[in-house]
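Undergrad: one predicted model, sequence on top.
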Number of protein chains: 2
Amino acid sequence: MARPRIKDVALRAGVSEKTVSNVINDYVHVSERTRRVVRQAIDDLGYRVNLAGRHLRRGRTGIIALVVPELDLPYFAELANLIIAEAERNGLTVLVHQTRADREHELAALDGFGSDFADGVILSPLALVDEDLRSRSGALPTVLLGEKLNAGCADHVAIDNAAAAREATEHLLQLGRRRILVVGGLDGESEGTAEVRTRGYRAALAAAGVPFDPRLVVPVAKFATPDGAAAMHRALTDGLAPDAVLALNDQMAIGAVRALHERGLRVPEDVAVVGFDDVEAGRYSVPTLTTVAPDKAEIAAVAVALLIGRIAESQGRGAGEPAGAPGNAPGVNGAVPAHGGVNGAAATGGSPAGARAGRVLPPHERVVPHRLVIRESTSGARKSTVPGPRAGD
Amino acid sequence: MARPRIKDVALRAGVSEKTVSNVINDYVHVSERTRRVVRQAIDDLGYRVNLAGRHLRRGRTGIIALVVPELDLPYFAELANLIIAEAERNGLTVLVHQTRADREHELAALDGFGSDFADGVILSPLALVDEDLRSRSGALPTVLLGEKLNAGCADHVAIDNAAAAREATEHLLQLGRRRILVVGGLDGESEGTAEVRTRGYRAALAAAGVPFDPRLVVPVAKFATPDGAAAMHRALTDGLAPDAVLALNDQMAIGAVRALHERGLRVPEDVAVVGFDDVEAGRYSVPTLTTVAPDKAEIAAVAVALLIGRIAESQGRGAGEPAGAPGNAPGVNGAVPAHGGVNGAAATGGSPAGARAGRVLPPHERVVPHRLVIRESTSGARKSTVPGPRAGD
DNA sequence: ACATCTTGTTACATCGATGTAAGACGTACC
DNA sequence: GGTACGTCTTACATCGATGTAACAAGATGT
């Protein structure tokens, strides 16, 4: 009744445990007949590999952790979707954690949650400071997403946020807008997303000779829709009288649009709105949302590739890898590919290929492309294609 | 340089491996002095537990799998958020998979992905048929979410979809609407979400004496925004001339609203719209969305509680649990609580408590409350609170 | 026919942590 | 002072799968 072990399969098939293992792992030198017999026994017993055993032996779990602030922020949900798919394509399983922007949670993630369950982490930090990263002994292979942290501590994937914000702002300036509210902005020195994007905004203003009004930069507690709406309401109440909004993500942009709507202001006629992230909601909102679209699929692909590279590189550090040559290492059916090909793209630092085990490569810094997608919230609504058939009621 | 083992800690602290283990697991009979020494050694070496080893020994991983169709459907993202949080509260970690409504993926999930990595699965099936569930030997503790499957195969959590759809439809009927389009509907016999909700719709029509027009039930490939928009456009083009829309989720409702907007139809004046799920987007859309709001937090709580119950019940089946009494079983610092309390609510079947190991309880059937949240898309827009300060440009 | 090679299979040790059972030490009590 | 008990600690086996190395059985060459 208990779950069958490899031993049970071996017994039933009349072969040794190792032979069963060899069949499971597609080791080449197994006769077709033996293979069949073993397969049959596996089916008969309903045997499934016990990963605890396998991982203890192999030293790798095939699991990577994805750590994001909140899954119900659509940007992260969409990104998680892509990363999970990409990981699966590489034989990896993704374990999702949420930090709620809490530093303790983020630190725990870097530490592998006090254990070694994951082979690596993809982390989107909000609360960590550089110091946190530097101080850790580089235990777990890590890839960072988004802005927040200085380079030099771990692999890092992001769009050029300063340039993106600048382009978005220039777009608004070209429309003749001059009082551009930055929802979620932060006029500071550090490397957080808010700060970097705000700097891009200021750069655009400066280039256009438009004076910077610090009151137009309104911070928020969280990059979420309610915060965007509240910030917008506040700005209007405070008489800031903006003629455009640069919301630092789409959720806040949607909140801002809603708030403007409630105040009887038209978008884009009275106030033009730009967001960041290109989430699906912005493609179907009324009006549709102009936004900075990062190449999310590319972010996912690069992040996973980098992480796989790091994991491969860290071989021999942890358990497993008992000795020299592979002995009879088979194709490892569903597991991690040996190298995973860190596809060579615009990388800063790092020798090209073949990371020799034990040697730690300098961090990769990857910039992923973005583009400004112009929709109704700045370009004006496309109106009535077809007459309404009836008035209800 | 290699990662420290418990052996290394023991060596450094000058005690045995088991003593280190005892400290780690808060075993009572360890002198304060020894405890300090060991803790120090752990800190010095940066030791972290190797979960592969622990799990091999303990037989449980503390990981549950959450399997949803797509994470970028906000409903599932929001639900995942809540389930992850709830699981964390119970010392469990969540591994997220996406099936993309593919039957093979869903089957793989029930099978624990060909291994035993997860202690259990919370699955939101779309493509499975009852047969799939019945045929599996009940290997992995499982909780099903949503409609799709008949009871009797595994624990199941859902709202009363038929009643919910009926209430939503009644609401539209009360507004005087008579030609209610069902976006995503399916007029069939089976137990899928679409069918069950469509039956609720028909029940409401029947009760109100409104004839059923099958052409008003328009199926979709996927419960997503583009599908909702496309279905709406198609319906309008086909001259179905609806005066209301019952969209079977909020994403499709948002798509429908967008399509109506593009056709120059006003919501709710020309066409009233109701959705399902109460996702955040519907609370900030223009107009805001009337919707059936399931108690998602409750769904998450019940699902996790049921699963924990099943896992506890399945004790002794898999590995671990070597012998009788706990010997010196400690407080198991961060692991799964012994019972987890399947809080008693409206349950069908199943003895109340203390599932004796080995005995398999009949499936639980849990119905979670929902309510109809009426917003602008049926009640009319709240308009202009404050005059617009300027016209841009 | 015999040495050599290749292929297919096996016994055994091992990955790291922990349950078991037993041992070492100290204290309290008669 | 000796015994019994409680406290603290340890040696060892074990969880399940797999790498290593060795060996058996055919195939090949001379």
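TA: Perfect, thanks for sending it.
Undergrad: CA only for contacts and neighbour counts going forward, please
TA: Will do.
Undergrad: can you tell me the element A:Ala41 falls in?
TA: helix A:32-45 (DSSP states H and E).
Undergrad: count of neighbours near A:Phe212?
TA: 16 (other CA atoms under 10 Å in any protein chain shown).
Undergrad: and if you look at A:Asp26?
TA: A:Asp26: 16 neighbours (other CA under 10 Å).
Undergrad: and what of A:Thr237?
TA: A:Thr237 has 12 nearby residues by other CA under 10 Å.
Undergrad: and it, what does it touch?
TA: With contact taken as CA atoms under 8 Å, 6 or more residues apart in numbering or on different chains, A:Thr237 is in contact with no other residue.
Undergrad: what do you get for A:Thr378?
TA: A:Leu172, A:Val267, A:Pro268, A:Ala272, A:Val273, A:Val274, A:Leu289, A:Thr290.
Undergrad: so A:Ile84 makes contact with B:Arg100?
TA: No. The pair A:Ile84 / B:Arg100 is not scored as a contact, 11.8 Å apart, by CA atoms under 8 Å.
Undergrad: show me which of those two is the more surrounded one.
TA: Shown here are A:Ile84 and B:Arg100; by other CA under 10 Å, A:Ile84 has more neighbours (25 against 17).
Undergrad: what's the nearest residue to that one if we skip its chain neighbours?
TA: Distances taken as CA to CA, 6 or more residues apart in numbering or on different chains place A:Val94 nearest to A:Ile84, at 5.9 Å, with adjacent residues excluded.
Undergrad: next one: phi and psi at that neighbour?
TA: For A:Val94, the backbone dihedrals are phi -110, psi 130 (criterion: degrees, to the nearest 10).
Undergrad: which parts of chain A are helices?
TA: Using DSSP state H, the helices found in chain A span residues A:6-13, A:17-24, A:32-45, A:51-58, A:74-89, A:103-110, A:130-135, A:161-174, A:193-208, A:225-237, A:250-262, A:281-284, A:296-313, A:376-379.
Undergrad: most packed of those?
TA: Mean neighbour count (mean count of other CA atoms under 10 Å in any protein chain shown) peaks for helix A:250-262 among those, with a mean of 28.
Undergrad: what packs against that one?
TA: helix A:225-237, strand A:244-247, strand A:272-276, helix B:281-284 (3 or more CA pairs under 8 Å, 6 or more residues apart in numbering or on different chains; DSSP states H and E).
Undergrad: and the angle from that helix to strand A:272-276?
TA: Calculated by axes from the mean of the first three to the mean of the last three CA atoms, to 10 degrees, helix A:250-262 forms an angle of 160 degrees with strand A:272-276.
Undergrad: so helix A:250-262 versus helix A:74-89, what angle?
TA: Using the same axes, to 10 degrees: helix A:250-262 against helix A:74-89 is 150 degrees.
Undergrad: now tabulate the contacts of A:Thr378 in JSON lines and tack on distance to chain B and pLDDT.
TA: Output for those, formatted as JSON lines (distance: CA to the nearest CA, whole Å; pLDDT from 0 to 100):
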{"residue": "A:Leu172", "distance to chain B": "10", "pLDDT": "97"}
{"residue": "A:Val267", "distance to chain B": "10", "pLDDT": "93"}
{"residue": "A:Pro268", "distance to chain B": "8", "pLDDT": "94"}
{"residue": "A:Ala272", "distance to chain B": "8", "pLDDT": "97"}
{"residue": "A:Val273", "distance to chain B": "12", "pLDDT": "98"}
{"residue": "A:Val274", "distance to chain B": "15", "pLDDT": "98"}
{"residue": "A:Leu289", "distance to chain B": "12", "pLDDT": "97"}
{"residue": "A:Thr290", "distance to chain B": "16", "pLDDT": "98"}
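Undergrad: of the residues you listed - the most surrounded one?
TA: Neighbour counts for the contacts of A:Thr378 were taken using other CA under 10 Å; the highest belongs to A:Val274, with 34 neighbours.
Undergrad: is it true that it touches A:Met252?
TA: No. Counting by CA under 8 Å, A:Met252 is not a contact partner of A:Val274; they are 9.9 Å apart.
Undergrad: so does the helix holding A:Ala41 get close to DNA strand C?
TA: Yes. In terms of CA under 7 Å from any atom of the strand, part of helix A:32-45 sits within range of DNA strand C, namely A:Arg33, A:Thr34, A:Arg35.
Undergrad: report the separation between the spatially closest residue to the last one that is not a sequence neighbour and A:Leu173.
TA: This points to A:Arg35. Spatially, and ignoring its direct neighbours in sequence, A:Arg35 is nearest to A:Val23 (6.0 Å; CA to CA, 6+ apart). To A:Leu173, A:Val23 is 66 Å away according to CA to CA, to the nearest Å.
Undergrad: what do you get for A:Ala301?
TA: A:Ala301 is 34 Å from A:Leu173, by CA to CA.
Undergrad: same check, this time on A:Thr93
TA: 45 Å.
Undergrad: hmm, back to that, contacts for the helix holding A:Ala41?
TA: Taking CA under 8 Å, 6+ apart as the rule, helix A:32-45 contacts A:Pro4, A:Val9, A:Ala10, A:Arg12, A:Ala13, A:Val20, A:Val23, A:Arg48.
Undergrad: which pLDDT value goes with the fifth one?
TA: Think A:Ala13. Each residue has a pLDDT score; the one for A:Ala13 is 89.
Undergrad: got it, and the third one?
TA: At A:Ala10 the predicted local confidence, pLDDT, stands at 91.
Undergrad: residue contacts, it?
TA: Taking CA under 8 Å, 6+ apart as the test, what A:Ala10 contacts is A:Ser16, A:Glu17, A:Thr19, A:Val20, A:Val38.
Undergrad: adding pLDDT, write these out as a markdown table.
TA: Formatted as a markdown table, the contacts of A:Ala10 follow (pLDDT from 0 to 100):
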| residue | pLDDT |
| --- | --- |
| A:Ser16 | 89 |
| A:Glu17 | 90 |
| A:Thr19 | 91 |
| A:Val20 | 91 |
| A:Val38 | 91 |
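Undergrad: up against DNA strand D, what does the stretch 51-200 of chain A have?
TA: So far as CA under 7 Å from any atom of the strand goes, the stretch 51-200 of chain A lies against DNA strand D at A:Leu51, A:Ala52, A:Gly53, A:Arg54, A:Leu56, A:Arg57, A:Arg58.
Undergrad: would you confirm that the fifth one contacts B:Arg54?
TA: Right, the one you point to is A:Leu56. No. Applying CA under 8 Å as the test, A:Leu56 and B:Arg54 come out as separate, 9.3 Å apart.
Undergrad: returning to what we had before: and the residue nearest to A:Ile84, what does it touch?
TA: Counted by CA under 8 Å, 6+ apart, A:Val94 has contacts A:Ile63, A:Ile64, A:Ala65, A:Leu66, A:Ile84, A:Ala87, A:Glu88, B:Leu95, B:Val96, B:His97.
Undergrad: repeat for A:Val67
TA: Applying CA under 8 Å, 6+ apart, we find A:Val67 in contact with A:Val96, A:His97, A:Gln98, A:Thr99, A:Glu106, A:Ala109, A:Val121, A:Ile122, A:Leu123, A:Ser124.
Undergrad: of these, just say which sits nearest to chain B.
TA: The closest of the contacts of A:Val67 to chain B turns out to be A:Val96 (CA to the nearest CA; 5.9 Å).
Undergrad: report pLDDT for the closest one.
TA: 83.
Undergrad: correct me, but A:Thr142 touches A:Asp119?
TA: No. Applying CA under 8 Å as the test, A:Thr142 and A:Asp119 come out as separate, 9.3 Å apart.
Undergrad: leaving out chain neighbours, which residue sits closest to A:Leu216?
TA: Nearest to A:Leu216 is A:Leu181, by CA to CA, 6+ apart, at 4.7 Å.
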